[in-house]
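Chemist: Got a sequence here, can you model it:
(chains A, B, C and D, ligands or ions: 4)
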There are 4 protein chains.
Amino acid sequence: MKITSQFDSGNIEVISATDPADIRLAIRKDNQSDFYQWFHFRLNTPHIEAHTIKITNVNGSAYPDGWKDYQAVASYDRENWFRVDTEYNGKELVITHYPEAESIYFAYFAPYSYEQHLDLLQQAHLHDRCQLVELGDTLDGRDMSLLVIGEPAEGKRNIWITARQHPGETMAEWFVEGLLDRLLDDEDAVARSLLDEAVFYVVPNMNPDGSVRGHLRTNAIGVNLNREWQTPSMEKSPEVYLVREKMMQVGVDMYLDVHGDENIPYNFLAGSEGVPCFDERMSALEQSFRAALLTASPEFQNEHGYEVDAPGKANLTVASNWVAEQFNCLAFTLEMPFKDNDKLPDELYGWSDVRSMKFGRDSLTAILAVAGSLR
Amino acid sequence: MKITSQFDSGNIEVISATDPADIRLAIRKDNQSDFYQWFHFRLNTPHIEAHTIKITNVNGSAYPDGWKDYQAVASYDRENWFRVDTEYNGKELVITHYPEAESIYFAYFAPYSYEQHLDLLQQAHLHDRCQLVELGDTLDGRDMSLLVIGEPAEGKRNIWITARQHPGETMAEWFVEGLLDRLLDDEDAVARSLLDEAVFYVVPNMNPDGSVRGHLRTNAIGVNLNREWQTPSMEKSPEVYLVREKMMQVGVDMYLDVHGDENIPYNFLAGSEGVPCFDERMSALEQSFRAALLTASPEFQNEHGYEVDAPGKANLTVASNWVAEQFNCLAFTLEMPFKDNDKLPDELYGWSDVRSMKFGRDSLTAILAVAGSLR
Amino acid sequence: MKITSQFDSGNIEVISATDPADIRLAIRKDNQSDFYQWFHFRLNTPHIEAHTIKITNVNGSAYPDGWKDYQAVASYDRENWFRVDTEYNGKELVITHYPEAESIYFAYFAPYSYEQHLDLLQQAHLHDRCQLVELGDTLDGRDMSLLVIGEPAEGKRNIWITARQHPGETMAEWFVEGLLDRLLDDEDAVARSLLDEAVFYVVPNMNPDGSVRGHLRTNAIGVNLNREWQTPSMEKSPEVYLVREKMMQVGVDMYLDVHGDENIPYNFLAGSEGVPCFDERMSALEQSFRAALLTASPEFQNEHGYEVDAPGKANLTVASNWVAEQFNCLAFTLEMPFKDNDKLPDELYGWSDVRSMKFGRDSLTAILAVAGSLR
Amino acid sequence: MKITSQFDSGNIEVISATDPADIRLAIRKDNQSDFYQWFHFRLNTPHIEAHTIKITNVNGSAYPDGWKDYQAVASYDRENWFRVDTEYNGKELVITHYPEAESIYFAYFAPYSYEQHLDLLQQAHLHDRCQLVELGDTLDGRDMSLLVIGEPAEGKRNIWITARQHPGETMAEWFVEGLLDRLLDDEDAVARSLLDEAVFYVVPNMNPDGSVRGHLRTNAIGVNLNREWQTPSMEKSPEVYLVREKMMQVGVDMYLDVHGDENIPYNFLAGSEGVPCFDERMSALEQSFRAALLTASPEFQNEHGYEVDAPGKANLTVASNWVAEQFNCLAFTLEMPFKDNDKLPDELYGWSDVRSMKFGRDSLTAILAVAGSLR
Ligand SMILES: [Ca+2]
Ligand SMILES: [Ca+2]
Ligand SMILES: [Ca+2]
Ligand SMILES: [Ca+2]
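Modeler: Numbering: from 1, shown residues only, chains lettered A, B, ... in the order given. Ligands and ions are numbered 1, 2, ... in the order given. Sure thing, here's the model as predicted:
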């Protein structure tokens, strides 16, 4: 039996992997941070019997409640990620696995590797309507890459989408992939209509270093990028600094910051009710977008989510709040579950890479519904 | 130079095909009918020069106004159908073609062959949620095939979709293919939500004989099926007779009859305002569906279309009217253009097979929006 | 329960199809001929139980011994054709079928439709190195189509390949599809090397009318084309007449005429030992090709096959003999089984469409081995 | 303008990247080694003009003659790798690039990433006939993975294939991918015949650490694995140690060690003429294999290659020599060019990933030709 995590976004420590009935593992912390929850490893086993895999340190993880009703994902081919039998006993996460083949990967959610990310960028930028803009370097020396879709022109709206500030929230990059697939489809009517009135600025991965390192929430040196938007620096948070500079340069008329949530088993939006400039126009826009998204995708709902910020009480270090206030525009944090979507549960896959992509695709329908009213 | 139409849905007569500058053709009438407008043929030419192809009898066709602003479609590979330079001079339709390869197909719209139809049925019926039901024989001995998607259950709505009563309106079967692709996608939220509350009865091709024969509007013996719904017979219109029997057996809560329109360059719906039972409930349902379809697809619009029937003046021999009245339910004729969609024009493809499929796919979003209110 | 054959290459007559335990069918004769053996039909059944399908007139078919150890092919999706439980009791062919889905196709061998044929021609001719040449009309008005691959040039060999003179021998067109796939692959070394020294003239289907009509051996009016090569006529055998004219015009340095054999469960070649001009050069060439084909494909063997013609005793009305004598060149009839290849049996698929394609592909390796010695 | 190599197998140092007409770069040495020749980087440029890229330290690289007549490869989409205008002026390698899109990758040969490697393993091992065996850890903690294809049984030959001891020779893993594709194809006759008499032991990547690090010839600590076969150790060369142990355990009847050669523009084999046990049997086997490979693939030739070792003078630290002597069996080093194959030059691609895969595929035909004689 052999357990490895020495690959892109791998994260596990082996305590004991000799007895199939008692495999004991632990999740590594993000570098220079106490956060941990993301795991990703591969098991190779010659034993044709049930394997009991215990992740022993989940109690101390960033979101212990995230393990309740959570099922781990696994894949034999690294393409099809399905849910496996998982239980949280209040102390350990226990995955029970009966091998159908000798090698299997387990993860917190379907991974999205840096190689996939580089493929996404190259394939996207070959479209006539798409441009790949490099903003600068991360702390580990990777590229901060921006895709600009559509022809900038007088009067067009600037719609920004960022994903994966928290690198373990891979569903955010799957969402972006689905959205880009449609936006770059020359025969799709929603895409064509949107690009008549808007330009999209898409950052598919805000945190490449954390992604490769197998982090949950932070960049190479343990910084939570979604608390850096008021005072980013090239030393601590170049990822935010560089994107923010570009936002200031081109402007923002609408913003979606795409995330995953460990606890809540629903897709939901967090708006900007707590930012100082929030007013009726912004409230009306928020309602329009929520209504259109309800029509566009049954994956969405408005009942479950975060508590709404009291007026003036928003945390302006958070991306969507900072953008809403800075640009006086419609801005949301969009959250997808690590668990299943309880509105439309799927025993086999739970919330998944495929559903995230479709949700990204369908969200463009809702963006189109408000695009004409953004200014 | 050689022109052929001896294949599925082929239709052309060669008057003269010797001089590339003066190729003269005529469209055949539907068997036992005066209708004609559909054409489909292949040109093989060794000449590397401009070819002028005149269809000489378009003035007498079913919809002479259909030729205004119409561009023929062509394909080198039988997969990618693009628009070619076409002019209607008031007498002839003149296609100008400069060959990029020696063999090219021309058609009135992207064809959908009987072999494709048989493939569609077989592939669909392999899904767990889909059943292929054979209703009986056409006059030429082909199968009248019905796909039933979803598990019938107490309280579920019965949603019927029929396409291609007029066999030359191939966009109708492309629409159905797009709709089925989504409906049979196990990870699509719209499909999953719909099948929780409804069962779909889909007839992808109401007129296989006319389709294979290269007809515009009628079946094997020249009968216009969309005027047969009050008194169909196994002798003249078994296609309608058999489908109608099944409708009576299972019931109808919503009905879309999918068509193409020769004249109007828009996608539009024709409702049931003129049927005797039309009332406020039906009117409200119609408005809901139109509104949801506007959100779901920018290909749709509500401004252009047929004149609305005066109350009680509907032609009840027409499928959607007969169904609306018989089942007191929401029923539409859905029309797509042979020309381009002037709301979102595309010089290269015009209205196309691909756009028809996407429109079929997106229309499910609008069906979901009304599904809960159908009864 | 419903059995249909009203589609491309369909052939069956229903005697009785009411009791799943006793379905009785018969094969139709080729038009104006007594030959029959090809069948192709579809069964739609609501019964979830074993079905016993008897083809009752196989004793009088063209090759009654062909039914010994023969297993019929079937497909649920019209793409994957597998073998089904079949027994020949000396009088009837009895297929036992337990339905896994409600609709299934049965055939004598994996069908190759005229629509597929038209697709093959169009896709092939778009390659730079391939040209589609139309030779004239069949009796039913279809195109006799020739693909020319490679640039004619001084000193290059002319290699001719024809398939499916007998339309029920669909494996011949599958073989050609596999061969063309490779020949048109710009990065395949065998293809590149071959086209440096030869031009290929390929007729993927010598008998389109018989193919569409569901014939075993003859064209639209019951003529066996492979007995027409000495005196073809536009009245009886335009298919041969037109191809022969073209051969005379461009010349032939090697010829493969591709067939299926009902009786012998092996792939084999029939050479030209019986033609008057057969000599040592030709014999050496035959041996070289046979040896190279043995290396290139384990599907091939030299032990089983037809009895070799005595010197001077060849039937010169047969294509490969006529060509060998006329052009004093290497010429073979290549035969593949309707049954399995007993050298390498495959219980699931028997000899198949896929194996025919691979065999076509690999045969190019053997052609390359002799190409330099053909003249 | 931005040049990056912070990704899998990236290797470049930027000296100056400000002036498109004078971009100056250098290749990094393998860790703890003086070898270097592999490069892999990405250029993002806003300038629509010719770019002159100079690699300034090629004179000191491992194989300076390798730069003569060498053309670098590049890709816009990371899938299609084509040759670009490259000149070696005796001091620098000068690549001239006119950008068709803003982002492009350059490399010494088409890269094969560790993620691709992991995909290859997972997809292969899902086949019934394939097993994934983990042998142990590399120095960087990656898996040494072995694919076993076929059912071990009395009398079956053990055929070993290893690739990429030198990690920069990526063509070796492309070769293995092509070979595996065919070997795992259930309907391929060569594969089926081979697996009737042999079991394959395939190590797709002998040097994962060097591969990820962007090395040319050595592992994580600068050891040339192909000089370690007599005395490998877990400290210096665990990659060789682990594979060698497994070879000793199961035995070897034939061995191909797949490589790339920097200098010689041909595919060729280096045999075991210099090992002590070399005898007539081995010589005959070598000749048989060479002859069969000539028939199987025109990419192969026997004229150009390394000088043959004098009897008894083989370097037994080299894998193929060590195996030949240890197991008294047929063993080759198979070399493919970094340049083009001058026997069949291709201006656009040169020798390529695709051609390497096809060569791997076709080499199985030659292995089959000798498989029966291996013992
Ligand atoms: Ca671009
Ligand atoms: Ca089904
Ligand atoms: Ca061509
Ligand atoms: Ca396996």
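
Chemist: tally of neighbours for residue A:127?
Modeler: 16 (other CB atoms under 10 Å in any protein chain shown). C-beta coordinates here come from the backbone N, C-alpha and C atoms, glycine included.

Chemist: sec struct for it, please.
Modeler: coil (DSSP: H, G, I helix; E, B strand; the rest coil).

Chemist: which residues does residue A:165 contact?
Modeler: A:206-207, A:225-226, A:239-240, A:257, A:259, A:319 (CB atoms under 8 Å, 6 or more residues apart in numbering or on different chains).

Chemist: For it, give its distance to residue A:200.
Modeler: 18 Å (CB to CB, to the nearest Å).

Chemist: Quickly check: the longest helix along chain A near chain B or not.
Modeler: Longest helix in chain A by number of residues (criterion: DSSP state H): helix A:353-371. Yes. Against chain B, helix A:353-371 shows contacts by CB under 8 Å from any CB of the partner chain at A:354-355, A:358-359, A:362, A:365, A:368-369.

Chemist: now do stretch A:333-346
Modeler: Yes. Interface with chain B: stretch A:333-346 contributes A:344, A:346 (CB under 8 Å from any CB).

Chemist: what is the mean pLDDT for that stretch?
Modeler: Per-residue pLDDT over stretch A:333-346 has a mean of 98.

Chemist: Quick one: the contacts of residue A:165 as a markdown table, columns for pLDDT too.
Modeler: A markdown table is the format used below for those (pLDDT from 0 to 100):
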| residue | pLDDT |
| --- | --- |
| A:206 | 98 |
| A:207 | 98 |
| A:225 | 98 |
| A:226 | 98 |
| A:239 | 98 |
| A:240 | 98 |
| A:257 | 98 |
| A:259 | 98 |
| A:319 | 98 |
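
Chemist: What about these, which are in helices?
Modeler: Per DSSP H, the contacts of residue A:165 map to helices at A:239-240, A:319.

Chemist: Going by distance to chain C, which of those wins?
Modeler: Among the ones in helices among the contacts of residue A:165, residue A:239 lies closest to chain C (CB to the nearest CB), at 41.0 Å.

Chemist: Quick one: residues contacting the closest one.
Modeler: Taking CB under 8 Å, 6+ apart, one finds A:138, A:144, A:165, A:206-207, A:219, A:225 in contact with residue A:239.

Chemist: from those, which single one is nearest residue C:8?
Modeler: residue A:206 (54.8 Å; CB to CB).

Chemist: Hmm, the closest one is touching residue A:169, no?
Modeler: No. Using CB atoms under 8 Å, residue A:206 makes no contact with residue A:169, being 10.2 Å away.

Chemist: tell me, what's touching those two both at once?
Modeler: Common neighbours of residue A:206 and residue A:169 (CB under 8 Å, 6+ apart) do not exist.

Chemist: Which parts of the stretch 101-250 of chain A are helices?
Modeler: Along the stretch 101-250 of chain A, the stretches classed as helices by DSSP state H, counting those that start in this stretch are A:114-125, A:171-183, A:189-197, A:208-213, A:238-250.

Chemist: and what of the stretch 251-375 of chain A?
Modeler: With DSSP H, counting those that start in this stretch as the criterion, the stretch 251-375 of chain A has helices spanning A:280-296, A:319-327, A:353-371.

Chemist: hey, C-alpha coordinates of the longest one in CSV?
Modeler: In CSV, the C-alpha atoms belonging to helix A:353-371 read as follows (Å, rounded to 0.1, in the frame of the first residue of the first chain):
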residue,chain,number,x,y,z
ASP,A,353,-16.9,20.1,-11.2
VAL,A,354,-19.5,19.5,-13.9
ARG,A,355,-22.3,21.2,-12.1
SER,A,356,-20.0,24.1,-11.3
MET,A,357,-19.2,24.5,-15.0
LYS,A,358,-22.9,24.4,-15.9
PHE,A,359,-23.7,26.9,-13.2
GLY,A,360,-21.0,29.2,-14.6
ARG,A,361,-22.4,28.8,-18.1
ASP,A,362,-26.0,29.5,-17.0
SER,A,363,-25.0,32.5,-14.8
LEU,A,364,-24.2,34.4,-18.1
THR,A,365,-27.9,34.4,-18.8
ALA,A,366,-28.5,36.3,-15.5
ILE,A,367,-25.6,38.7,-16.2
LEU,A,368,-27.2,39.5,-19.6
ALA,A,369,-30.5,40.3,-17.8
VAL,A,370,-28.9,43.1,-15.8
ALA,A,371,-26.1,44.2,-18.2
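
Chemist: Mean neighbour count added to the helices of the stretch 251-375 of chain A, as a markdown table?
Modeler: Shown next, in a markdown table, are these (neighbours: other CB atoms under 10 Å in any protein chain shown):
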| stretch | mean neighbour count |
| --- | --- |
| helix A:280-296 | 17 |
| helix A:319-327 | 24 |
| helix A:353-371 | 24 |
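
Chemist: Go through these and name the closest to residue C:52.
Modeler: Here helix A:353-371 is closest among the helices of the stretch 251-375 of chain A (CB to CB), at 42.7 Å.

Chemist: do that closest one and chain D meet at all?
Modeler: No. Helix A:353-371 stays out of contact with chain D when judged by CB under 8 Å from any CB, the minimum separation being 15.3 Å.

Chemist: what separates that helix from the chain centre, distance-wise?
Modeler: In terms of CA atoms, centre = their mean, to the nearest Å, the centre of helix A:353-371 is set 14 Å apart from its chain centre.

Chemist: cool, and stretch A:130-143?
Modeler: With CA atoms, centre = their mean, you get 19 Å for stretch A:130-143.

Chemist: Residue A:35: what's it in contact with?
Modeler: Contacts of residue A:35 (CB under 8 Å, 6+ apart): A:29, A:62, A:215-218, A:222, A:224.

Chemist: Please report the distance of it from residue B:228.
Modeler: 69 Å.

Chemist: which residues touch the residue in the stretch 1-150 of chain A that ligand 3 sits nearest to?
Modeler: Closest to ligand 3 within the stretch 1-150 of chain A is residue A:126: 25.9 Å, counting by CB to the ion. Residues near residue A:126 by CB under 8 Å, 6+ apart: D:76-77, D:101.

Chemist: if we can go back for a sec, closest to ligand 3 out of the contacts of residue A:239?
Modeler: residue A:144 (45.9 Å).

Chemist: Contact residues of chain A facing ligand 1?
Modeler: A:125, A:130 (CB under 5 Å from the ion).

Chemist: quick one, domains of chain A?
Modeler: For chain A, the structural domains run A:2-107, A:114-371, going by automatic domain parsing.

Chemist: Do any residues in the shortest one lie close to ligand 4?
Modeler: Think domain A:2-107. No. If you take CB under 5 Å from the ion as the test, domain A:2-107 misses ligand 4, and the best it gets is 5.5 Å.

Chemist: how far does that domain stretch from start to finish?
Modeler: Domain A:2-107 has its terminal residues 16 Å apart, counting by CA to CA, to the nearest Å.

Chemist: what's the answer for the longest one, then?
Modeler: This stretch, domain A:114-371, spans 32 Å end to end (CA to CA).

Chemist: Contacts only, for the closest residue in space to residue A:90 that isn't next to it in sequence.
Modeler: Spatially, and ignoring its direct neighbours in sequence, residue A:90 is nearest to residue A:59 (7.7 Å; CB to CB, 6 or more residues apart in numbering or on different chains). By CB under 8 Å, 6+ apart, residue A:59 lies in contact with A:90-92.
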